[in-house]
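Colleague: A structural model of the following input is requested.
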Amino acid sequence: MTSVSPNIPINKLSEEPFILLEVGTTNEIIEIFEENGIRPNVHFTARDDYAIISMVESGLGISILPELVLHAHLTKSSKRNWISLPTGN
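Modeller: Got it, this is the predicted structure:
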């Protein structure tokens, strides 16, 4: 993963086109947005994490995904920058 910035204010995420897991899936991201009074600028939804990764790599928007999913998928040839967010632990 390439770190672009050590910290990104959560409200900045609402300024970008966001790709979200479809409604009905376990989605902690929506809860985080709601807790912070932020409405994401959702442009697309997808059924699984790997579809979201492909969409982000194609430049269709940004997303937040578990680091384990990203680590398992990403290669050195990835075109996009990925930011590792700190966990609550």
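
Colleague: residue ranges with poor pLDDT in this protein?
Modeller: 1-6, 24-26, 72-89 (pLDDT under 70).

Colleague: Please spell out which residues along stretch 46-56 are buried.
Modeller: Going by neighbour count (16 or more other CB atoms under 10 Å), the buried part of stretch 46-56 is 46, 49, 52-53, 55-56. Yep, even glycine has a C-beta here, placed from its N, CA and C like the rest.

Colleague: among these, which are in helices?
Modeller: 49, 52-53, 55-56 (DSSP state H).

Colleague: Which one of those residues is nearest to I62?
Modeller: Nearest to I62 among these, counting by CB to CB, is V56 at 6.4 Å.

Colleague: Confirm for me that that closest one is in contact with S63.
Modeller: Yes. Counting by CB atoms under 8 Å, S63 is a contact partner of V56 at 5.6 Å.

Colleague: overlap in contacts of those two?
Modeller: I19 (CB atoms under 8 Å, 6 or more residues apart in numbering).

Colleague: now the helices for the protein?
Modeller: Using DSSP H, the helices assigned to the chain run over residues 28-35, 49-57, 67-73.
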